[in-house]
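Engineer: Mind looking at a prediction? Sequence and model below.
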Amino acid sequence: MSTWITICDTCKREGWDAAAQPHTDGEALAALVEAQASGTPLRTRRVSCTMGCTHGCNVTVQARDKLCYTLGRFEPAEDAAAAIVGYALLHAESETGQVPYRQWPEGVKGHFITRHQPLPEE
């Protein structure tokens with residue numbers, strides 16, 4: 001079962017300037033997360049708009065039959081990408097998707113937006 005990091009590639013942080021920045025903040029964060037996740041069992045994907053615009057940059061960590069989490073308010077930076085991937089690896093190792101707070105990478109603390117319950121079996 002794969003753990004996915006879904007990255008909103010249309011996210012723009014406050015102050016984003018299209019004339020000065022050729023890529024959105026979400027695109028920049030996606031590239032950093034993809035690089036950090038390379039060589040791990042994690043899967044990444046980019047989507048256009050997760051509707052969390054006031055919390056940009058947004059990512060979702062999700063896997064079938066596990067709790068899923070949306071995190072936001074990240075800067076497109078190496079340390080943020082490393083923390084996101086670090087958390088996703090812990091999520092992947094967890095049977096339920098829940099990771100004890102004491103294990104969270106420092107860089108994800110304060111960035112959780114929502115938690116979603118696994119979908120019920122049909």
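Structural biologist: Sure thing, it's come through. Residues are numbered from 1 along each chain as shown.
Engineer: show me what contacts the residue most central in space within the chain?
Structural biologist: In the chain, the centroid-proximal residue (Cα atoms, centre = their mean) is Val59; its distance is 2.8 Å. With contact set as Cβ atoms under 8 Å, 6 or more residues apart in numbering, Val59 has these partners: Ile5, Thr6, Ile7, Cys8, Leu29, Val33, Thr70, Leu71, Gly72, Phe74, Ile84. C-beta: built from backbone N, CA, C; applies to glycine.
Engineer: and if we set it to 10 Å?
Structural biologist: By Cβ atoms under 10 Å, 6 or more residues apart in numbering, Val59 lies in contact with 4-8, 11, 26, 29-30, 33, 44, 50, 52, 69-72, 74, 80-81, 84-85, 87-88, 108, 111, 113.
Engineer: same deal with Leu71?
Structural biologist: The neighbours of Leu71, taking Cβ under 10 Å, 6+ apart as the test, are 5, 52, 55, 57-61, 80, 83-84, 87-88, 108, 110-114.
Engineer: One more: Ala63?
Structural biologist: Residues in contact with Ala63 (Cβ under 10 Å, 6+ apart) are Met1, Ser2, Thr3, Trp4, Leu42, Arg43, Ala88, His91, Ala92, Ser94, Gly97, Pro118.
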